[in-house]
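# I'll drop the sequence and a predicted model, then ask my questions.
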Amino acid sequence: MSDLVIGEGVALDLRLAKLPSRALARMLDVLVQVGLLGVLAMVFGLVALMVDEAVAAGLGIVMSVGVLVGYPALMETVTRGRTLGKMALGLRVVRQDGGPVKFRHALVRALSGVFDIYLTFGVLAVLTSFCSRQGRRTGDWLAGTVVVRDRAPDAGVSPAGMAALAMPYPLLHWAQQLDLSALPDDVALAARQYLTRMHEMRPDVGARMGYELAGEVVRYVALPPAGTPPWAYLAAITAERRVRQMRAAEAERRAAWERAQAQYPAYAGAPAAPAQQGSAGPQLGPLPPSPPVQDRIPDRVPKPETSPSDPPKEEGFQPPQ
């Protein structure tokens, strides 16, 4: 586990991506780009027969730039820092302060990737990554980004951080009426990480990051009541979202159990349906005759120590007469 330290001296609990995982993710993206180039080349071959040579050359340049630059820029913008290769490896591109990247960050990384990855066969990107403690290549330096592991465990949260995730009681009724379906997972994760670490930040830095995250969440969730501080707004949304996820998981578990009962009633504890006559399957023969009653009675029955007429022995504590 590595800490990402931003300019204000605040440590964010984010796991930095190592060079092997980043290289493997890039190789997967290159394979995707090669496949796109192959498909577009076949289409371009058909179009080139019907247009002028200059137009064909221009279309070829646009096609190459669109695949090499447009694919990573658009994917990282739409998915908030992930391409297909990064999704497979569980990586994500974030800003240096831990926030989600925007189109300008993704475009700078994609443009610089033409030089430090494709034209230099990745040598420049590897050298700059080795020179950086955070494993940042040239595009990360220019765009102000860093690649982290998106699949981070929920561990190491202090009691104060867990207390910050509790639902503010004055916002309980308001939060229960919210529509949280449009809230992206990465924005909700950023809000949760902020709440668990805001007590470790300086007050001015924590307030600024809280306002920035609240402004990002407002794009997908309704405005809070007047006078609500950003941390309470984020805590109410995070707590309500967690409760709804737990309810959905419980409902899914119950639905799966009901389907299992309906499909396998004998194994689920329900009485099995009686077998119909004439149905296919092996038929059981008649049961063997039971042995005579005298054969099942043992020759000697142990005699009880006391007869039924004997009074019971007094044992244990007896109340006074």
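The structure has been received and is ready for your questions.

# where along this protein do the helices fall?
Under the criterion DSSP state H, the chain carries helices at the ranges 19-48, 53-65, 71-78, 84-89, 103-113, 123-131, 138-143, 159-164, 172-176, 185-197, 203-217, 230-263, 293-296.

# outline the domain layout of this structure.
3-149, 159-260 (automatic domain parsing).

# could you give the mean pLDDT of the first one?
Averaging pLDDT along domain 3-149 yields 84.

# would you turn the domains of the chain into JSON lines with mean neighbour count?
For the C-beta atoms, the positions are set from N, CA and C on the backbone; glycine is no exception. Formatted as JSON lines, those follow (neighbours: other Cβ atoms under 10 Å):
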{"stretch": "domain 3-149", "mean neighbour count": "17"}
{"stretch": "domain 159-260", "mean neighbour count": "15"}
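
# and the gap between Val51 and Gly70?
Shown here: Val51 relative to Gly70, a distance of 21 Å by Cβ to Cβ, to the nearest Å.

# again with Pro203
43 Å.

# cool, Tyr220 as well?
For Tyr220, the distance to Gly70 (Cβ to Cβ) stands at 26 Å.

# next one: Leu111
Applying Cβ to Cβ to Leu111 and Gly70 gives a distance of 11 Å.

# go on, Arg133?
Here the criterion is Cβ to Cβ. By it, Arg133 lies 31 Å from Gly70.

# could you do Ala106 as well?
Ala106 is 10 Å from Gly70, by Cβ to Cβ.

# hang on, the earlier thing: need the helices of the chain in JSON lines (columns: distance to Gln96).
Shown next, in JSON lines, are those (distance: least, Cβ to Cβ, whole Å):
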{"stretch": "helix 19-48", "distance to Gln96": "17"}
{"stretch": "helix 53-65", "distance to Gln96": "28"}
{"stretch": "helix 71-78", "distance to Gln96": "16"}
{"stretch": "helix 84-89", "distance to Gln96": "18"}
{"stretch": "helix 103-113", "distance to Gln96": "10"}
{"stretch": "helix 123-131", "distance to Gln96": "16"}
{"stretch": "helix 138-143", "distance to Gln96": "9"}
{"stretch": "helix 159-164", "distance to Gln96": "22"}
{"stretch": "helix 172-176", "distance to Gln96": "31"}
{"stretch": "helix 185-197", "distance to Gln96": "14"}
{"stretch": "helix 203-217", "distance to Gln96": "12"}
{"stretch": "helix 230-263", "distance to Gln96": "21"}
{"stretch": "helix 293-296", "distance to Gln96": "85"}
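
# what residues are up against the nearest residue in space to Arg80 that is not next to it in sequence?
Nearest residue to Arg80 in three dimensions, chain neighbours excluded: Pro100, at 4.5 Å (Cβ to Cβ, 6 or more residues apart in numbering). By Cβ atoms under 8 Å, 6 or more residues apart in numbering, the contact list for Pro100 reads 80-81, 94, 186-187, 190, 216.

# rerun at 10 Å
76-77, 79-81, 92-94, 184, 186-187, 189-190, 216 (Cβ atoms under 10 Å, 6 or more residues apart in numbering).

# pull the most distant pair out of those.
For the contacts of Pro100, the maximum inter-member distance is 18.1 Å, found between Thr77 and Leu189 (Cβ to Cβ).
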